[in-house]
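1. Okay, here's the prediction I keep looking at, along with the sequence it came from:
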Amino acid sequence: MDQKFPPQHQDTQPGLQQEMRPRPVSIRCDYCGSGKLRDKVAIVTGGDSGIGRAVAHHFAREGADVVVGYLEEDEDAEETRRLVEAEGHGCRLVRGDLGDPAMCETVVETALDAFGRIDVLVNNGAEQHEVDGLEDLTPEQWERTFRTNIHAYFYLTRAALRHMREGASIINTTSVNAYKGNAHLIDYSATKGAIVAFTRSIALSLAERRIRANGVAPGPVWTPLIPASFDDQHVTGFGGQVPMDRAGQPAEIAPCYVFLASADSSYFTGQVLHPNGGYIING
């Protein structure tokens, strides 16, 4: 796979997949589902595009119905719904800001009204903003990034847990930046570190209930957040910093979520998987 991308930039976050060149790969054409999530119901946030869309598509191919939470990218979200329904499974879309606890309650109510249960929760929505240094990071941006990237995870997990039973799975998207830091994504990296600690803590708290909580920490992945975050020059070389010398595709990340959502990972909790192109992670 060529790691170079044509110059491009989007002015608003979290970005639109329909405007990307090339479009991210959501699922491999040779990916064969085997019923790992048959009759399950999953909530996936940030499911309109990028990793979230790929997760929703993989879950559907494995047998799950899906509720997709997204901010305002209606056309992208409708494409995710089309992909899920093409696999023969139900999909409901919930539009709104999950930094609002009331919206998280709406997502949960939608899942229960449509499908009657919640088996898997994937907290994945995020935003990031590049800065030159700490002095350029405003209190307003700091608070907004935390509201989107970690407060929403808390609100939605808290709302969903009342309806999750033994065997359920929570999967939180963190980042390689939680482990290595990033000089220009300070608030984003801080939230991703918080997600790791949140995941490990709720895993301990839910162990007696036999509800598992794990995380996925992707490296550079070709999603709408990239052209929405960086300038043309950064985008063209995106992914070149990892040992594999390329960005990952969402289709290469989503199988981690299938594994963590399914019974294949029944002895995993409080753990983080690292599909990151070759970074060596300690901690």
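-> On my side now, so go ahead. Numbers count the residues shown, from 1 in each chain.
2. and the helix or strand that contains Phe198, what does it pack onto?
-> Per DSSP states H and E, Phe198 falls inside helix 186-206. Contact here means 3 or more C-beta pairs under 8 Å, 6 or more residues apart in numbering; DSSP states H and E; on that basis helix 186-206 packs against helix 139-146, helix 152-161, strand 169-173, helix 177-180, strand 212-216. From N, CA and C alone the C-beta is placed, and that goes for glycine too.
3. rerun at 6 Å
-> If contacts are counted by 3 or more C-beta pairs under 6 Å, 6 or more residues apart in numbering; DSSP states H and E, helix 186-206 sits against helix 139-146, helix 177-180, strand 212-216.
4. contacting residues around the last one?
-> Going back to what we said before, that points to strand 212-216. By C-beta atoms under 6 Å, 6 or more residues apart in numbering, the residues outside strand 212-216 that reach it are 169-174, 199, 202-203, 256, 260, 268-269, 271-273.
5. Between which two of those is the distance greatest?
-> Greatest spatial distance in the contacts of strand 212-216: Ile202 and Cys256, 18.5 Å, computed using C-beta to C-beta.
6. Just name the closest of the contacts of strand 212-216 to Gln18, please.
-> Of all those, Gln18 sits closest to Thr173, with 21.6 Å by C-beta to C-beta.
7. correct me, but Glu166 touches Leu206?
-> No: judged on C-beta atoms under 6 Å, Glu166 makes no contact with Leu206 at a distance of 10.1 Å.
8. neighbour count winner among the two?
-> More crowded of Glu166 and Leu206, by other C-beta atoms under 10 Å: Leu206, with 19 against 8.
9. Dig out what the closest residue in space to that one that isn't next to it in sequence forms beta bridges with.
-> Of all residues not flanking Leu206 in the chain, Ala213 sits nearest, at 6.0 Å (C-beta to C-beta, 6 or more residues apart in numbering). Legend: beta-bridge partners of Ala213 under DSSP bridges are Ile170.
10. So what's the residue count around Ala213?
-> Other residues close to Ala213 by other C-beta under 10 Å number 27.
11. Same check on Gly277?
-> So Gly277, with other C-beta under 10 Å, has 22 neighbours.
12. what separates it from His184, distance-wise?
-> Note on Gly277: its distance to His184, by C-beta to C-beta, to the nearest Å, is 19 Å.
13. For Val107, list the residues it contacts.
-> 69, 94.
14. Kindly provide the distance from it to Ala114.
-> Separation of Val107 from Ala114 (C-beta to C-beta): 11 Å.
15. go on, Tyr179?
-> Tyr179 sits 37 Å away from Ala114, going by C-beta to C-beta.
16. now Ser229
-> According to C-beta to C-beta, Ser229 and Ala114 sit 33 Å apart.
17. For this protein, which residues score under the pLDDT cut-off?
-> In the predicted model, the chain carries pLDDT under 70 at residues 1-3, 283.
18. so where do the strands sit in it?
-> In the chain, the strands defined using DSSP state E lie at 41-45, 65-70, 91-95, 120-123, 169-173, 212-216, 272-273.
19. can you redo these as TSV with distance to Ala77?
-> Listed next are the strands of the chain as TSV, based on distance: least, C-beta to C-beta, whole Å:
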stretch	distance to Ala77
strand 41-45	11
strand 65-70	5
strand 91-95	5
strand 120-123	15
strand 169-173	18
strand 212-216	21
strand 272-273	26
